[in-house]
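Trainee: fold the following, please.
(2 chains)
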Protein chains: 2
Amino acid sequence: VDLQTVRTVSDGSVRVVVDAMGGDHAPLEIVLGTLAWARAHPRDTVLLVGIPERISESAAGPIPPNVEIVAASQIVEMDESPALALKAKKDSSIMVAMDVLKQGRADALVTAGHSGAGMAAAVLKLGRLPGVDRPALAVQMVTETGPFVLLDIGANMDSSGNNLYQFAHMGSIYAERVLGVQKPRVALLSIGEERGKGDLAVQQATQMLDDDGGLNFVGNVEGRDLVKHMADVAVCDAMVGNVTMKFFEGFAGFMARLWEREFRRLPWGPIGYLFMKPGANRIRRTFDYERMGASPLLGVKGMVLITHGSAKRRMIEFAVEAGATAARAHIPELISDTFRGQPRRPGPQPE
Amino acid sequence: VDLQTVRTVSDGSVRVVVDAMGGDHAPLEIVLGTLAWARAHPRDTVLLVGIPERISESAAGPIPPNVEIVAASQIVEMDESPALALKAKKDSSIMVAMDVLKQGRADALVTAGHSGAGMAAAVLKLGRLPGVDRPALAVQMVTETGPFVLLDIGANMDSSGNNLYQFAHMGSIYAERVLGVQKPRVALLSIGEERGKGDLAVQQATQMLDDDGGLNFVGNVEGRDLVKHMADVAVCDAMVGNVTMKFFEGFAGFMARLWEREFRRLPWGPIGYLFMKPGANRIRRTFDYERMGASPLLGVKGMVLITHGSAKRRMIEFAVEAGATAARAHIPELISDTFRGQPRRPGPQPE
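Mentor: Okay, the predicted model is just below:
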């Protein structure tokens, strides 16, 4: 497989290409976050793709020497249909950024643009890795004792058992290399621990993972097991993954507001709140989704990461950092190695 | 439709039949919780179904006059296959309790036994209401400004668009009558607000709900919208609903533990904790899932409610109360009325 897209320079430095025009606050916040990261990482390189004048305007000052601007004249807007937009806008920042990655001029790509367009552009421009039926979007989630990887959170709808089985392999590689977990515990997210529970796809995937000796498959887990850190990789259909991830985001904020309301009710009010503030900040930091940075799209020929459309400079800085970390871990190459040796499973393989 | 199963006595009192032998702590905790409820509600009646000697033993004292014991010699255990157990054990407490409901000797049924067996017994003994393709299990969840109803959380796997459409109608009736919400806002749970997002079933259901003027359909909501109380009824496939509900349960406990750890770190430690205790208790009460009582199974000919297998006496008391409330609301009759007038939708209708 020619993985021109992931080529890490021998000295350990990496090159991250950033879609400067994608996102609710593009290009200003994208440019400022990217430049902040570039200044903190002078040995690494960043390529900012977009309309050069608008990028320079946003920078509002000198551009560091390790930042290169790549011209792209068009923008895929947040409310456009991905399929139509990508067809009509060949010179859009996301398409040009994919070209930069494909040509081997960067080791990872980060975008805050329309996530559907980002995923579609990746599949269109880079293509899937051989043996991978569908890519998956993954996210890191928080538990009491450490993070775990949840996937798929939105790359596919109506995933089959075989798709889930492949997601398990890709998630395991990511958890091992990026989270640094030895032999990650892989689980399928289901409605009960028993074999035979769950929908058709989960039941098929359970069988395939039971038969596969190559993964540390710990069986099926329930929603309440996630925060108990009973798995390092939780595999599910995107409807389940996306709702769970976003519910988590909303719920963490809800709980924080509930506790703060109780502090304010205390007889010694603001004084008690002052005492409690470091603790409240620690908790807020635990659930600080901006630190998560960006979600890796696993299974395409190149390291693509997608971050929140609403990301501002701070989250963009974490997103570029996530891109650099993923680039250093050689994820697409490892997935390629695994799937090359992987016989396709018998049984129904829709798509 | 002959709804022999829901017949409320004219004076407003209700009769609840309880499966005394189902659950991890049966019969002891089931009997104690049920008797506590019966003592607090002398005008209502409870029927306890199970092995009479074991029920009497568990009662450990006089049985109130408004409690009747109904003999059943067998028990469906928590680890049995529902299909096999129900076939082999015709005189099991869950099957006999369903008979009591079907014969019109009770207005609602509550079980803490194997939830799969409870749902299967309901469909087998009572049958579905005419026009209802599949029943759905619903649960009440907490938000900052009030409760909402989430369904399906586990009655079906691989639900179709038509199934989701029917769940929306049943959930709306339940929210209106039990939560007391006028014109409940009904939403489909999806991965984005836009029409066209979500899996095939969600897209089909969106179209059907758009075409249907009979519901207050507010469109599709995301996971993070749930805690914002953007819907009174959130409709989804059971994989999504079950994982979301259980994740909520686990996450609420996780957050509570995080905050308590921070309290203990405070310089004035235990004293501060004493101050904070009323607030902590208020929050704990908000997320006290025992108060939820039991989950209604909507769409069968009778009011069946399923509670946690791990329920102890306190939760059983709330569960019997939930059964009494649902019985007073005439839910199955209202669903029957709605579905009787309801033309089946065109298009593919699997099952």
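
Trainee: hey, where'd the strands end up in the stretch 1-150 of chain A?
Mentor: Ranges of strands in the stretch 1-150 of chain A, per DSSP state E, counting those that start in this stretch, are A:15-19, A:45-50, A:67-71, A:108-111, A:136-142, A:147-151.

Trainee: correct me if wrong: A:F287 contacts A:F254.
Mentor: No: counting by CB atoms under 8 Å, A:F287 does not reach A:F254; the two are 10.8 Å apart. (C-beta placed from N, C-alpha, C; glycine too.)

Trainee: so those two - more neighbours on which side?
Mentor: Neighbour tally, A:F287 and A:F254, criterion other CB atoms under 10 Å in any protein chain shown: the higher count belongs to A:F254, 21 against 18.

Trainee: I figured the more buried one hits B:R224, correct?
Mentor: No: counting by CB under 8 Å, B:R224 is not a contact partner of A:F254; they are 9.6 Å apart.

Trainee: the bottom helix or strand of chain A by mean pLDDT?
Mentor: helix A:269-286 (a mean of 74; mean pLDDT, DSSP states H and E).

Trainee: flag every buried residue along it.
Mentor: Neighbour counts over helix A:269-286 (16 or more other CB atoms under 10 Å in any protein chain shown) mark A:G272, A:F275, A:M276, A:G279, A:A280, A:I283 as buried.

Trainee: next secondary structure element downstream of it?
Mentor: strand A:295-298 (DSSP states H and E).

Trainee: and for that following strand, what's in contact with it?
Mentor: The contact list for strand A:295-298 (CB atoms under 8 Å, 6 or more residues apart in numbering or on different chains) reads A:118-119, A:122, A:135-139, A:151, A:153, A:155, A:167, A:170-171, A:173-174, A:178, A:303-307, A:322, A:326, A:331, A:335.

Trainee: how does it look with 6 Å?
Mentor: Residues from elsewhere that reach strand A:295-298 (CB atoms under 6 Å, 6 or more residues apart in numbering or on different chains): A:M119, A:A122, A:P135, A:A136, A:L137, A:A138, A:V139, A:M170, A:V304, A:L305, A:I306, A:A326.

Trainee: residue contacts, the third one?
Mentor: For A:P135, the contacting residues are A:A155, A:L297, A:G299, A:V300, by CB under 6 Å, 6+ apart.

Trainee: same list (those) but as TSV, adding pLDDT and neighbour count.
Mentor: Shown next, in TSV, are the contacts of A:P135 (pLDDT from 0 to 100; neighbours: other CB atoms under 10 Å in any protein chain shown):
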residue	pLDDT	neighbour count
A:A155	94	29
A:L297	98	29
A:G299	97	31
A:V300	98	27
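
Trainee: closest to A:E57 among those?
Mentor: Checking the contacts of A:P135 against A:E57 with CB to CB, the nearest one is A:L297 at 30.0 Å.

Trainee: distance check, that closest one against A:M245.
Mentor: Using CB to CB, to the nearest Å, A:L297 is found at 15 Å from A:M245.

Trainee: go on, A:A319?
Mentor: A:A319 sits 16 Å away from A:M245 when distances are taken as CB to CB.

Trainee: the more surrounded of the two?
Mentor: A:A319 (30 against 26).

Trainee: and A:R340, how many neighbours?
Mentor: Neighbour count of A:R340, defined by other CB under 10 Å: 11.

Trainee: actually A:G146, sorry about that
Mentor: Using other CB under 10 Å, A:G146 has 11 other residues around it.

Trainee: how about it, nearest residue that isn't a chain neighbour?
Mentor: Among residues not flanking A:G146 along the chain, A:H229 sits closest, at 6.1 Å (CB to CB, 6 or more residues apart in numbering or on different chains).

Trainee: likewise A:R314?
Mentor: Nearest residue to A:R314, sequence neighbours excluded (CB to CB, 6+ apart): A:E290, at 5.6 Å.

Trainee: was I right to think the one you found contacts A:I316?
Mentor: No: here A:E290 does not reach A:I316: they are 9.2 Å apart, not a contact under CB atoms under 6 Å.

Trainee: which one's more surrounded, the two?
Mentor: A:I316 (31 against 15).

Trainee: now the more buried one: how far from chain B?
Mentor: 21 Å (CB to the nearest CB, to the nearest Å).

Trainee: what residues of whichever strand or helix holds that residue count as buried?
Mentor: Taking DSSP H and E as the definition, A:I316 sits inside helix A:313-328. Of the residues in helix A:313-328, A:313, A:315-328 count as buried by neighbour count, 16+ other CB under 10 Å.

Trainee: and of these, the nearest to chain B?
Mentor: Taking CB to the nearest CB as the measure, chain B sits nearest to A:M315 out of the buried residues of helix A:313-328, at 15.9 Å.

Trainee: I'd like the distance between that closest one and A:T206.
Mentor: Separation of A:M315 from A:T206 (CB to CB) stands at 36 Å.

Trainee: closest one of the buried residues of helix A:269-286 to chain B?
Mentor: For the buried residues of helix A:269-286, the nearest to chain B is A:G279 (3.1 Å; CB to the nearest CB).

Trainee: A:L305 belongs to a strand?
Mentor: Yes: using DSSP: H, G, I helix; E, B strand; the rest coil, the assignment for A:L305 is a strand.

Trainee: quick check, A:G50 in contact with A:V18.
Mentor: No: judged on CB under 6 Å, A:G50 makes no contact with A:V18 at a distance of 8.9 Å.

Trainee: with neighbour numbers in mind, choose between these two.
Mentor: Taking other CB under 10 Å, A:G50 and A:V18 do not tie; A:V18 has more neighbours (34 against 29).

Trainee: for the more buried one, give me its contacts.
Mentor: A:T34, A:L48, A:V110.

Trainee: so which residues on the stretch 201-350 of chain A come close to chain B?
Mentor: Residues of the stretch 201-350 of chain A found near chain B (CB under 6 Å from any CB of the partner chain) are A:222-224, A:226-227, A:239-240, A:242-244, A:246-247, A:249-251, A:254-255, A:258-259, A:262, A:279, A:283.

Trainee: mind running it again at 7 Å?
Mentor: A:222-224, A:226-228, A:237-240, A:242-251, A:254-255, A:258-259, A:262, A:265-266, A:272, A:275, A:279, A:282-283, A:286 (CB under 7 Å from any CB of the partner chain).

Trainee: PyMOL command for the buried members of those?
Mentor: Those of these that count as buried under 16+ other CB under 10 Å are selected in PyMOL with:
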select buried, chain A and resi 222+223+224+226+227+237+238+239+240+242+243+244+245+246+247+248+249+250+251+254+255+258+259+262+266+272+275+279+283
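
Trainee: from the residues of the stretch 201-350 of chain A next to chain B, which land in helices?
Mentor: A:223-224, A:226, A:238-240, A:242-251, A:254-255, A:258-259, A:262, A:265, A:272, A:275, A:279, A:282-283, A:286 (DSSP state H).

Trainee: where are the low-confidence patches of the stretch 1-150 of chain A?
Mentor: The model of the stretch 1-150 of chain A has pLDDT under 70 over residues A:1-10.

Trainee: the stretch 251-351 of chain A now?
Mentor: A:266-273, A:341-351.

Trainee: change it to 90
Mentor: Within the stretch 251-351 of chain A, the ranges that satisfy pLDDT under 90 run A:251-293, A:340-351.

Trainee: quick revisit: show me what the helix holding A:I316 is in contact with.
Mentor: Helix A:313-328 is contacted from outside by A:6, A:8, A:14, A:16, A:18, A:29-30, A:32-34, A:36-37, A:44, A:46, A:107-108, A:110, A:112, A:178, A:290-291, A:293-294, A:296, A:303, A:305, A:307-308, A:311, using CB atoms under 7 Å, 6 or more residues apart in numbering or on different chains.
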